[in-house]
Every structure is written in C-alpha cells, then in structure tokens.
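J.: below: sequence and its predicted model.
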Amino acid sequence: MIQQTLVFLLILLCLCQANAQQLLSPSNGFSHKKTSYVTLTDGTEIKGTLKDIDRKKGLIKFVKIIDGAGTKYKLKPTAIKHMYLPPTRFDNAMKALDFLKDAQKWNNQKLDQDLLKQGYVYFESVPVKIKKKSMQLLMQLLNPTFSKEVKVYHDPFAKETMGLGVGGVTVAGGNAKSYYVAKGEEIAYRLKKKDYRKEFVPMWQSCQQVIDAYPDQKWANLVKHILAYSECK
C-alpha cells in the first residue's frame, strides 16, 4: 500500500513539473474560409465552409454551413453529433498558448487528434443538466487531449477571474469560474468555483488518492485533479 502511494505521489510530482495539459480557452470566432467538419446524428458527414452560428442566451440554436457542391445547411444542434470548426487566425493564436504537449494515455481516441493539433475547436452533442431538467446541447470541449475519463465543457454563462490584459485583450489568467463537467457516461452538470470545496470529495471519492494528495481542494488545480483521477482508471 505504501509503495503504491509513493508511486502515485511520484506521478503527481511529474504532472506538476511537466504541466503537460491545461484547459483550452473557449473560441468565439470561427473562420469562414477554412474547411469545417460536421457529423450529423444519422452519420452524414458534411465538409464545407461555415457561414454563421446563431446563438440565443449563449447557447447554439443553428449552425449554417455550405458544402463543396454549394448545398446550404441550416442545422439545429439536435441534428449534429459533433463538429470540428476552424477558429479565426487571432483565436487560433490565443489557443496556441494553451495547447501544450500531448499525453497519449489520457487521450480520447474517438477524437481526431490531427485536427485538434491544427487548432480546430471540437463541439459535441451531450446531455446537460440545466437546473432540474436534462437537455441535449451542443457544447465546446475544453480538454480534448485528456478527456478520456472526465470531460470539461465551456460554460457560455461563466464569469472569469482577473487575467493579464494587453490592449484590452485577455492573454493570460482569466480562469472561468464555472464549467460543465461529465465523468464517464454521466450527464454533464455545472461545476462552480464557489462550490468546488463542497463538491470536491463527492466528485473524486472513487479515487481516494486524489483526495489525499490535494487536501487544499483548490479550483486552480482542477486540471491536476482530473489527470490524477484519470490515473486511477
């Protein structure tokens, strides 16, 4: 037991030193020139140019795309299984600051890692708990390179902590105060910074090593907690 604990602590130390992963900053702007890849719930694959994304109260209502043959599509989120969208040049530059070294053992091999490395933004249709209701929403995945066990989705309503700004643009810091999180096949739910200490033990109780290794239960260490939890699986 002691040996297993020492090995686990050594792994955690390596994770902290390497700082191999972090959550991507959410993308709001997408290229209208580069190819977008959309897969529908019936398996149909559409390759084309994104024309527009209609949102209401922060949530995607329609995705408009035109394929290589000139066919126009106006798709509801319920019709889309997943999609890879190319960010704007500026958005991609910001994302490059976040997209660090790959860790193969935490990868979700169902995702197209080549597109992710090119800076593409991944959205997928997932069940999400909104208050007491469950809704199927198209959500942006913020940890595509280590989402095998735990998925973290952008909360379009999340407030952010203070970040370092240059010319009115936040380029560092600015951590979100909430995300939508799904463990395994569980429904995604909203996890808030202010509630994290209360949620910490129930969330990670199936991996006692996480609880023992991080008694401070800091929100800033959420990624480390996810990686440590992935080691338990």
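T.: That came through fine.
J.: what's the longest strand in the chain?
T.: Among all segments of the chain classified by DSSP state E, the strand with the greatest residue count is strand 45-56.
J.: next SSE downstream of that one?
T.: strand 59-67 (DSSP states H and E).
J.: the closest residue in space to Lys151 that isn't next to it in sequence sits in which helix or strand?
T.: What sits nearest to Lys151 in space, not counting adjacent residues and going by C-beta to C-beta, 6 or more residues apart in numbering, is Ala182, at 4.6 Å. C-betas here are computed from N, CA, C, even on glycine. Ala182 is part of strand 178-183, with elements assigned from DSSP H and E.
J.: let me know the pLDDT of the residue nearest to Lys151.
T.: As summarised for this prediction, Ala182 has a pLDDT of 97.
J.: run through the residues that contact it.
T.: 126, 150-151, 153, 188-189 (C-beta atoms under 8 Å, 6 or more residues apart in numbering).
J.: Val201 belongs to a helix?
T.: Yes - applying DSSP: H, G, I helix; E, B strand; the rest coil, one finds Val201 inside a helix.
J.: can you give me the helices in this structure?
T.: 2-18, 89-96, 113-117, 196-204, 208-213, 222-232 (DSSP state H).
J.: compare the mean pLDDT across those and name the weakest.
T.: Minimum mean pLDDT among the helices of the chain: helix 2-18, a mean of 43.
J.: strand partners of the strand holding Ala182, parallel vs antiparallel please.
T.: Strand 178-183 has the following strand partners under DSSP bridges: strand 150-154 (antiparallel), strand 189-192 (antiparallel).
J.: before we move on, back to that, what is the mean pLDDT for the longest strand of the chain?
T.: pLDDT averaged over strand 45-56 gives 95.
J.: please name the strands paired to it in the sheet, noting orientation.
T.: strand 35-40 (antiparallel), strand 59-67 (antiparallel).
J.: Serialize those strands to CSV and add fields for mean pLDDT and mean neighbour count.
T.: Output for the strands paired with strand 45-56, formatted as CSV (pLDDT from 0 to 100; neighbours: other C-beta atoms under 10 Å):
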stretch, mean pLDDT, mean neighbour count
strand 35-40, 98, 19
strand 59-67, 95, 17
